[in-house]
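> Sequence first, then the predicted structure, then my questions.
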Amino acid sequence: MSQINSMGVLKGGVAAAVIMNLSEYLLNGPVAGAQMQAELATHNIGPMGGGHVATFMLLTTFLAFATVWLYAAIRPRFGPGPMTALCAGLMVWSLSYLCTTITLGVIGVSSMGITVLVIAWTAVEMIVASAVGGYLYNEA
């Protein structure tokens, strides 16, 4: 069994992180930021500031690298290519974005509209990021 190429994970992870962080900026800013802030305010949760944003960016970057690492780990069994990248991306997405978003919706922090938007948006985000990250990963 071959070793995971750390430089390949780094290369693919950086690309996936850029895609995911840009996507999150668009979602949480111009697309739905005002509605999200209003919903948080109804629960006495103050506006998100610089420290929150930095933390979210670090977590998103971690998820990007985890996705490419998972792709590299399952690639020998599932084979290289977009379907394997899709499997890796959707696994990380389901264990992170999907579970968290559903939880926030169920406990009433997010409205049904925001919940559905975030689930759909992040699924597309993860599909694109994992495809690019997987494409850039190589064994050599």
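Thanks, I have it. Numbering: from 1, shown residues only.
> So the closest residue to Ala140 other than its chain neighbours versus His52, what's the distance?
Closest residue to Ala140 apart from its sequence neighbours, by CB to CB, 6 or more residues apart in numbering: Asn5 at 6.9 Å. (C-beta placed from N, C-alpha, C; glycine too.) According to CB to CB, to the nearest Å, Asn5 and His52 sit 34 Å apart.
> Tell me which of the two has more neighbours.
With neighbours defined as other CB atoms under 10 Å, Asn5 and His52 compare such that Asn5 has more, 15 against 12.
> from memory that one sits against Asn138, does it?
Yes - the criterion here is CB atoms under 8 Å, and Asn5 meets it with Asn138 at 6.5 Å.
> Contacts only, for the residue nearest to Ala140.
Contacts of Asn5 were listed using CB atoms under 8 Å, 6 or more residues apart in numbering, and they are Ala72, Tyr137, Asn138, Glu139, Ala140.
> Thr100 sits in which helix or strand?
Assigned by DSSP states H and E, Thr100 belongs to helix 99-106.
> sorry, back to before: weed out the non-buried ones from the contacts of Asn5.
Among the contacts of Asn5, those scoring as buried are Ala72, Tyr137 (criterion: 16 or more other CB atoms under 10 Å).
> In helices only, show me the contacts of Asn5.
Ala72 (DSSP state H).
> Gly108 in helix, strand or coil?
Following DSSP: H, G, I helix; E, B strand; the rest coil, Gly108 is assigned to coil.
> looking at this structure, which helix or strand is least sure?
Least confident helix or strand, the chain: helix 33-41 with a mean of 93, by mean pLDDT, DSSP states H and E.
> Understood, closing this out.
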